[in-house]
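Just a sequence and a predicted model for now, questions to come.
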Protein chains: 2
Amino acid sequence: MAASPRRVGAETSKTRDVLIDSVERLMSEEGYASVTYRAVAAKAGVTPSLVQYYFPTLDDIFLATIRRRTDRNVTRLTEALEEHPDDPLRVLWQYSWAEATGALITEFMALGNHRKSIRAEIAEVTEKVRRVQLDALERRFAKGVHLPEGELSPGALLLLITGIPKFLNLEEGIGVKTAHGEVVEAFERYLGAAEPRRNIRKRKPPSRSPRR
Amino acid sequence: MAASPRRVGAETSKTRDVLIDSVERLMSEEGYASVTYRAVAAKAGVTPSLVQYYFPTLDDIFLATIRRRTDRNVTRLTEALEEHPDDPLRVLWQYSWAEATGALITEFMALGNHRKSIRAEIAEVTEKVRRVQLDALERRFAKGVHLPEGELSPGALLLLITGIPKFLNLEEGIGVKTAHGEVVEAFERYLGAAEPRRNIRKRKPPSRSPRR
DNA sequence: GTCTATACGGCGATAGAC
DNA sequence: GTCTATCGCCGTATAGAC
């Protein structure tokens, strides 16, 4: 491979981690379009050149941010599933609400829609997480999920459990919330019937960051 | 109101309509970030200044595009509901797939996440459409939707019917499609049970525009 | 390994000429 | 109704200081 004269900051740098903090706050508060070298630098109190030293392109900034975030998510999911091996439905429901809270995930999906590298990264981690989740579900409901009202394949139920919080969050992001409560109630009724255990859920807070 | 010195092209202009065509194609093919005065102008074969004459700011471009699109959607939805007054579930299911096809709706949702004017416009039309849809559903299932397997409020069912296609489309946009078929099958089974009529659905094509 | 200064072309937006 | 000139901000490549 060709020689690369360009120098890049170490991934273990404490400065680098602080910069990613600033990126997450910027994305949540103002959207990914506001993530500029100058804005990140101002937020972190450094020069734009230093941001560029750690992240040569904007893609590198977004990629590093999404990787740190998804690594933490996977850790949290794995631990929660190990801690409650008999309640995968409620664990996944609670996890998905937490994962979708705020505008961050929506911003990343939007980014993925027109940035090739971001799209590949999100697709990979999404499929990976879905595999972990499906394994947990199939260990618990080997022959399909027996809801009192009918039958649903583990894959279909998983997609609903994890997708509904994300979709409702997406709509809330633009201020739409009609009938949201009805869907949540209906789904939690189903969950309670399929997995009649004590409540371990801890629902998301209602607030979001102000927009520009 | 104060005097506005800025001059703007007429809304009835044929040129304006051609420009909106170019905007839709640009957004679908490359994402909203590629919608620039220069890019739209090049696509339509005019000068960037002319684009700016019709749309003083980028917000005006996006607003005009979303309005033309949603006007057409509302017309199509109303006609379909009138044409099949006894099959609102299948009409809404089919409509929602068509509405969500391609990357356009995702791009607009993303835009709404950090553009105040876009967010307001999307929220308004979404609530308006949902009202029309809910009315149709309640006319047909006045006392709730009696699925063979249980009960679901009209609002909850509506949100699922219209939300699932959008969410699955969102995931397909970044290349994720695990278990999508299972959800579609399960839902169409429910629909068939709640509204046992002939098939009027016509599912979306599988292709999307290439990304950069 | 960490950090900075500078320069380039493309961008949205405005004011105003034809 | 159409088009130009100009301004300030953007990503980012480069060259180099500590």
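Structure's in. What do you need?

What segments of chain A are helices?
Here chain A has its helices, by DSSP state H, at A:14-30, A:37-44, A:48-54, A:58-83, A:88-100, A:104-112, A:116-140, A:154-173, A:180-194.

Could you tell me the angle between the second one and helix A:14-30?
Spelled out, that is helix A:37-44. If you take axes from the mean of the first three to the mean of the last three Cα atoms, to 10 degrees, helix A:37-44 sits at 100 degrees to helix A:14-30.

quick one: helix A:37-44 to helix A:58-83, angle?
Using the same axes, to 10 degrees: helix A:37-44 against helix A:58-83 is 50 degrees.

Repeat that for the last one.
What separates the directions of helix A:180-194 and helix A:58-83 is an angle of 40 degrees, with the same axes, to 10 degrees.

what sits against A:Glu99?
Contacts for A:Glu99 (Cβ atoms under 8 Å, 6 or more residues apart in numbering or on different chains) come out as A:Asn73, A:Ile105, A:Thr162, A:Pro165, A:Lys166. All C-beta atoms are positioned from the backbone trio N, CA, C, and that covers glycine.

ok, and the most crowded of the residues you listed?
Greatest neighbour count in the contacts of A:Glu99, by other Cβ atoms under 10 Å in any protein chain shown, goes to A:Pro165: 25 neighbours.

Go through the helices of chain A and name the closest to B:Met109.
helix A:154-173 (6.3 Å; Cβ to Cβ).

Pick the most deeply packed of the helices of chain A.
Of the helices of chain A, the one with the most neighbours on average (mean count of other Cβ atoms under 10 Å in any protein chain shown) is helix A:104-112, at a mean of 24.

Identify the residue spatially nearest to A:Leu50, adjacent ones excluded.
Computed as Cβ to Cβ, 6 or more residues apart in numbering or on different chains, the closest residue to A:Leu50 that is not its neighbour in sequence is A:Ala41, at 6.8 Å.

wait, that neighbour sits on A:Thr47?
Yes. In this structure, A:Ala41 is within contact of A:Thr47 by Cβ atoms under 8 Å, at 5.7 Å.

just to revisit the earlier point, make CSV from the contacts of A:Glu99 and add distance to A:Arg139 and pLDDT to it.
As requested, these are exported to CSV (distance: Cβ to Cβ, whole Å; pLDDT from 0 to 100):
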residue, distance to A:Arg139, pLDDT
A:Asn73, 20, 96
A:Ile105, 27, 91
A:Thr162, 17, 96
A:Pro165, 22, 97
A:Lys166, 24, 96
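
residues from chain A in reach of DNA strand D?
A:6-7, A:35-39, A:48-49, A:52, A:56-59 (Cβ under 7 Å from any atom of the strand).

go again using 6 Å as the cut-off
A:Thr36, A:Tyr37, A:Arg38, A:Ala39, A:Pro48, A:Gln52, A:Pro56, A:Thr57, A:Leu58 (Cβ under 6 Å from any atom of the strand).

Against chain B, how distant is the most centrally placed residue in chain A?
Nearest residue to the geometric centre of chain A (Cα atoms, centre = their mean): A:Glu99, 4.2 Å. Applying Cβ to the nearest Cβ, to the nearest Å, the value for A:Glu99 to chain B is 14 Å.

Distance-wise, check that residue relative to DNA strand C.
31 Å (Cβ to the nearest atom of the strand, to the nearest Å).

Over to A:Gly31?
14 Å.

do A:Gly9 as well
A:Gly9 is 4 Å from DNA strand C, by Cβ to the nearest atom of the strand.

so what's the residue nearest to A:Leu50 up against?
So A:Ala41 contacts A:Thr47, A:Pro48, A:Leu50, A:Val51 (Cβ under 8 Å, 6+ apart).

ok, of those, which one's closest to DNA strand D?
Each of these was scored against DNA strand D by Cβ to the nearest atom of the strand, and A:Pro48 proved nearest at 5.7 Å.

Local confidence estimate at the closest one?
Looking at A:Pro48, its pLDDT reads 96.

Could you report the separation of it from A:Arg67?
22 Å (Cβ to Cβ, to the nearest Å).

same check, this time on A:Pro165
In terms of Cβ to Cβ, A:Pro165 sits 22 Å off from A:Arg67.

low-confidence ranges in chain A?
Applying pLDDT under 70 to chain A picks out residues A:1-5, A:143-150, A:197-212.

one more time with 50, if that's ok
Within chain A, the ranges that satisfy pLDDT under 50 run A:1-3, A:212.

Quick check: the residue of it nearest DNA strand D.
Counting by Cβ to the nearest atom of the strand, chain A gets nearest to DNA strand D through A:Thr36 (2.9 Å).

Kindly list the main-chain dihedrals of that residue?
phi -120, psi 160 (degrees, to the nearest 10).

what about it, distance to chain B?
Distance from A:Thr36 to chain B, by Cβ to the nearest Cβ: 13 Å.

what about that residue, how many residues close to it?
A:Thr36 has 14 nearby residues by other Cβ under 10 Å.

quick one on the thing from earlier: which of the contacts of A:Glu99 sits closest to B:Glu30?
Distances from B:Glu30 to these, taken by Cβ to Cβ, are shortest for A:Ile105, at 22.5 Å.

The closest one and A:Phe167 touch, don't they?
No. The criterion here is Cβ under 8 Å, and A:Ile105 misses it with A:Phe167 at 11.2 Å.

Need the overlap of contacts for these two.
Common neighbours of A:Ile105 and A:Phe167 are not found (criterion: Cβ under 8 Å, 6+ apart).

one step back: among the helices of chain A, which comes closest to B:Leu89?
helix A:180-194 (15.9 Å).

just checking, what packs against the closest one?
helix A:88-100, strand A:145-147, helix A:154-173, helix B:154-173 (3 or more Cβ pairs under 8 Å, 6 or more residues apart in numbering or on different chains; DSSP states H and E).
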